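Asks: would you be able to build a 3D model of this:
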Amino acid sequence: MKFCSECAAPVELKIPADDTRERFVCSACGVIHYENPKMVVGSIPVWQQDGELKVLLCKRAIEPRLGYWTLPAGFMENNETSAQAAQRETVEEAGANIALHELFSVINVPHVHQVHLFYRATLLDLNYAAGTESLDVQMFAENDIPWDDIAFPTVSHTLRFFFSDIKKVRAGGQFSVHEEDIFKPMRSST
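Replies: You can find the predicted model right below:
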């Protein structure tokens, strides 16, 4: 950041009074510009028929990780809740109608300044189609998921938590909320 978004004067990096971290502070009006993690929010849309459970995945049409599979998710917008963001992203990326359930996973990714939230969801019908950010949208049973072609570790972790919980639920247990911290940058796709 070079200039204040309030008055356009230059900013300087310093620790403001009563703070413990360096922040961009306007040299003219004194506004402190905080930089905070971005929220990535999505869903785990599922369809169950004849005892077989499948998850809807999207093949990315954009970088990063073009051509890799992911759950429908994206950056939360201002003026929306995390649940609204999950619903919107599912429609935008997969054209899918869902009933959104509870929060399922919270994954911190501090090296890229992000927090990823995924909600459980049930598909209301099988009318889905790739949105502009997806090359393809498909349903996968656990054994058919292209694990080596999953776009992000947050998605792999969430899917593994989900299928582990499904086994618990089928045995009479419950879904849990899962938390994870990913500190290690992912390997390059090249």
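
Asks: for the residue of the chain most remote from its centre, give me its contacts.
Replies: Each residue of the chain has a distance to the centre, and by C-alpha atoms, centre = their mean the biggest one is for Ala28: 37.5 Å. By C-beta atoms under 8 Å, 6 or more residues apart in numbering, the contact set of Ala28 is 4, 7, 9-10. C-betas here are computed from N, CA, C, even on glycine.

Asks: in the protein, what spans have low per-residue confidence?
Replies: By pLDDT under 70, the weakly predicted segments of the chain are 187-190.

Asks: can you pull out the strands in it?
Replies: Remark: strands assigned in the chain by DSSP state E are 11-14, 23-26, 32-33, 38-49, 52-60, 69-70, 73-75, 98-109, 114-123, 134-140, 178-181.

Asks: do I have it right that Leu66 meets Ser134?
Replies: No. The pair Leu66 / Ser134 is not scored as a contact, 10.9 Å apart, by C-beta atoms under 8 Å.

Asks: shared neighbours, those two?
Replies: With C-beta under 8 Å, 6+ apart as the test, Leu66 and Ser134 both reach Arg60.

Asks: His116 - how many residues pack around it?
Replies: His116 has 25 neighbours, counted by other C-beta atoms under 10 Å.

Asks: oh, that last question was meant for Ser134, not what I typed.
Replies: Ser134 has 22 nearby residues by other C-beta under 10 Å.

Asks: find the nearest non-adjacent residue to it, please.
Replies: Excluding its sequence neighbours, the residue lying closest to Ser134 (C-beta to C-beta, 6 or more residues apart in numbering) is Cys58, at 4.1 Å.

Asks: Glu92 is in contact with that neighbour, correct?
Replies: No. Counting by C-beta under 8 Å, Cys58 stays clear of Glu92, with 9.9 Å between them.

Asks: looking at those two, which is more packed in?
Replies: Shown here are Cys58 and Glu92; by other C-beta under 10 Å, Cys58 has more neighbours (30 against 16).

Asks: and the helix ranked longest in the chain, C-alpha only, in PDB?
Replies: Across the chain, the longest stretch assigned as helix under DSSP state H is helix 153-170. The C-alpha coordinates for helix 153-170 follow below in PDB (Å, rounded to 0.1, in the frame of the first residue of the first chain):
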ATOM      1  CA  PRO A 153      -5.100 -28.900   0.400                       C
ATOM      2  CA  THR A 154      -8.100 -27.300   2.100                       C
ATOM      3  CA  VAL A 155     -10.400 -29.200  -0.200                       C
ATOM      4  CA  SER A 156      -8.500 -32.500   0.300                       C
ATOM      5  CA  HIS A 157      -8.700 -32.100   4.100                       C
ATOM      6  CA  THR A 158     -12.400 -31.200   4.000                       C
ATOM      7  CA  LEU A 159     -13.300 -34.100   1.800                       C
ATOM      8  CA  ARG A 160     -11.300 -36.600   4.000                       C
ATOM      9  CA  PHE A 161     -13.000 -35.200   7.100                       C
ATOM     10  CA  PHE A 162     -16.300 -35.500   5.400                       C
ATOM     11  CA  PHE A 163     -16.000 -39.100   4.300                       C
ATOM     12  CA  SER A 164     -14.600 -40.000   7.800                       C
ATOM     13  CA  ASP A 165     -17.600 -38.400   9.400                       C
ATOM     14  CA  ILE A 166     -20.000 -40.200   7.000                       C
ATOM     15  CA  LYS A 167     -18.700 -43.500   8.400                       C
ATOM     16  CA  LYS A 168     -19.300 -42.200  11.900                       C
ATOM     17  CA  VAL A 169     -22.900 -41.000  11.000                       C
ATOM     18  CA  ARG A 170     -23.700 -44.400   9.400                       C
END
